[in-house]
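Participant: coords below, sequence missing:
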């Protein structure tokens, strides 16, 4: 067997080449991995640990994170809040003496019928202050979604006779409400007897008054009132003449015309009458109605009201309380009666909010309202409330033993000077929830 002898130097070379290959292979693999995943720089304190690598990855992701994009509704709400759009719209200054009017009624005028059950109402006012020294003129009108309409003209004479705080006022009003509800007279009236009627009215009055120290006001007014009653226009309920007659609804077919005299005194120390957070209101008013056409419907009314506001937490929280009563004096022995449409009533968004509008009519009523109000954000206030009240046939029947109750919560949108929109959701003891949307505060 031939044996080839390999020189020693050649064996030594092969071993060196094999060692270099074994060394170069892991180096090449490492270079490839480094190219794919560049290492994170080590800290100056030593080699990078696994925990450090995870921490740095989290930081890298946080730096690349984009803020969540706002939806359209959220963007709109933020824009409305930041730009104070609601305040600008509803407290806008007159343009060429014109400005918009929201709602039918004027909550500063207790005699003017408010828009209970009318739906949303809008209109236009023209105001001219200092038409002559101390002379202010206002006129305008409103129309609601249920075709309730109102127009009025007011001429005010202020600071006359060189007597600060003295004023006199001419006021003419016309209102036509085609779908007013009526259930009958008394606390035992039934919902199934609900009807509706039209009330068309014209009123003119003149009053003089004096304001003392900006908080106490005395006034004496005299006026004329004429009302016409007709069939209601609501299709979902019968008209009043289909269910009631002259005995159960006095004045339905024979409408009197009235002259009246009205003394009025008021203490008002509220910090902001349009949106009160503190202060007191004490109010008394008597009206003596004289039927000068039929001589059958003369009567007197006496109205009492007290309001108190307790603020806390820098007026961001308020407890608001109101007590109100209206009493009627009529000489039944002389055959006098009160027309059904001039009777005091309870129910709806301005009194017992758990009941329908105009739910209870009678000659006397007693009412209590309590609210806990808090500011949710700029332009929005929320409230929890409870209402207690009832109607009574005779003054001697008025009492606290069996008052009806309603309760609920609400939202109030405001400008800082006044509440321009109010939504209340209310229940009574056994009824379904009722929703009321009004263009003014309750008190």
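Facilitator: Yes, it's here. Every value quoted in this text rests on a predicted model; they were computed, and no experiment measured them.
Participant: what residues are up against residue 383?
Facilitator: By CB atoms under 8 Å, 6 or more residues apart in numbering, residue 383 lies in contact with 371, 372, 373, 374, 409, 410, 411, 412, 424. Every C-beta, even on glycine, is put in place using the N, C-alpha and C of the backbone.
Participant: Show the subsequent helix or strand relative to the helix or strand where it lies.
Facilitator: According to DSSP states H and E, residue 383 maps onto strand 380-392. Next in sequence after strand 380-392, counting helices and strands by DSSP H and E, comes strand 404-414.
Participant: I'd like to know which elements that following strand is packed against.
Facilitator: Strand 404-414 sits against strand 380-392, strand 419-428, with contacts defined as 3 or more CB pairs under 8 Å, 6 or more residues apart in numbering; DSSP states H and E.
Participant: so residue 341 sits in a helix?
Facilitator: Yes - judged by DSSP: H, G, I helix; E, B strand; the rest coil, residue 341 forms part of a helix.
Participant: May I have the predicted confidence score for it?
Facilitator: At residue 341, the pLDDT value in this model is 95.
Participant: picking that back up, could the helices and strands packed on strand 404-414 go into CSV alongside distance to residue 331 and mean pLDDT?
Facilitator: Shown next, in CSV, are the helices and strands packed on strand 404-414 (distance: least, CB to CB, whole Å; pLDDT from 0 to 100):
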stretch, distance to residue 331, mean pLDDT
strand 380-392, 18, 96
strand 419-428, 35, 90
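Participant: for these, which one sits closest to residue 119?
Facilitator: strand 419-428 (13.4 Å; CB to CB).
Participant: and that closest one, how far out from the chain's middle?
Facilitator: 6 Å (CA atoms, centre = their mean, to the nearest Å).
Participant: Who is residue 168 paired with across the strands?
Facilitator: Taking DSSP bridges as the rule, residue 168 bridges to residue 157, residue 208.
Participant: That one contacts residue 206, correct?
Facilitator: Yes - Residue 168 lies in contact with residue 206 (CB atoms under 8 Å); the separation is 7.2 Å.
Participant: what does stretch 154-173 contact?
Facilitator: So stretch 154-173 is contacted by 109, 112, 134-139, 150-153, 201-212 (CB under 8 Å, 6+ apart).
Participant: Make a markdown table from the helices and strands packed on strand 404-414 and add distance to residue 228 to it.
Facilitator: Putting these into a markdown table (distance: least, CB to CB, whole Å) gives the following:
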| stretch | distance to residue 228 |
| --- | --- |
| strand 380-392 | 25 |
| strand 419-428 | 31 |
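Participant: Out of the ones you listed, which gets nearest to residue 236?
Facilitator: strand 419-428 (21.3 Å).
Participant: Now do the strands in the stretch 101-250 of the chain.
Facilitator: Counting by DSSP state E, counting those that start in this stretch, the stretch 101-250 of the chain has strands at residues 121-132, 135-144, 149-158, 166-182, 195-212, 216-231.
Participant: which residues touch the last one?
Facilitator: I take that to be strand 216-231. Here strand 216-231 makes contact (CB under 8 Å, 6+ apart) with 197-212, 239-241, 251-253, 255, 257-268, 289, 339, 341-342.
Participant: helices and strands around the following helix or strand past it, which ones?
Facilitator: Downstream of strand 216-231, the first helix or strand assigned by DSSP H and E is strand 257-268. Here strand 257-268 touches strand 195-212, strand 216-231, strand 279-291, going by 3+ CB pairs under 8 Å, 6+ apart.
Participant: Distance from the chain centre to the first one, please.
Facilitator: Mean C-alpha position of strand 195-212 versus that of the full chain (CA atoms, centre = their mean) differs by 24 Å.
Participant: and it, what does it pack onto?
Facilitator: Where contact means 3+ CB pairs under 8 Å, 6+ apart, strand 195-212 is packed against strand 166-182, strand 216-231, strand 257-268.
Participant: Include mean neighbour count when you put those strands into a markdown table, please.
Facilitator: Formatted as a markdown table, these follow (neighbours: other CB atoms under 10 Å):
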| stretch | mean neighbour count |
| --- | --- |
| strand 166-182 | 19 |
| strand 216-231 | 16 |
| strand 257-268 | 17 |
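Participant: and residue 329, which of the ones you listed is closest to it?
Facilitator: strand 257-268 (13.8 Å).
Participant: thought residue 190 was touching residue 183?
Facilitator: Yes - the pair residue 190 and residue 183 passes the contact test of CB under 8 Å, sitting 6.8 Å apart.
Participant: more neighbours, these two?
Facilitator: Taking other CB atoms under 10 Å, residue 190 and residue 183 do not tie; residue 183 has more neighbours (21 against 8).
Participant: Show me the shaky parts of the protein.
Facilitator: 1-48, 50, 58, 61-94, 105-116, 159-162, 416 (pLDDT under 70).
Participant: can you tell me how far the closest residue to residue 138 other than its chain neighbours sits from residue 219?
Facilitator: Leaving aside its sequence neighbours, residue 138 sits nearest to residue 154 (CB to CB, 6 or more residues apart in numbering; 4.6 Å). Per CB to CB, to the nearest Å, residue 154 is found 14 Å from residue 219.
Participant: do residue 249 as well
Facilitator: For residue 249, the distance to residue 219 equals 33 Å [CB to CB].
Participant: Kindly report the same for residue 125.
Facilitator: Counting by CB to CB, the gap from residue 125 to residue 219 is 23 Å.
Participant: do the same with residue 329
Facilitator: Distance from residue 329 to residue 219, by CB to CB: 21 Å.
Participant: what does residue 420 give?
Facilitator: Counting by CB to CB, the gap from residue 420 to residue 219 is 27 Å.
Participant: which strand residues sit across from residue 377 in the sheet?
Facilitator: Listed beta-bridge partners, residue 377: residue 380 (assigned using DSSP bridges).
Participant: close enough to count as contact, residue 353 and residue 386?
Facilitator: No - at 9.6 Å, residue 353 and residue 386 do not qualify as touching, with contact defined as CB under 8 Å.
Participant: In contact with residue 310, which residues are there?
Facilitator: Residues counted as contacts of residue 310 (CB under 8 Å, 6+ apart) are 278, 318, 319, 320, 321.
Participant: nearest to residue 404, of those?
Facilitator: Taking CB to CB as the measure, residue 321 is the one of those closest to residue 404, at 18.0 Å.
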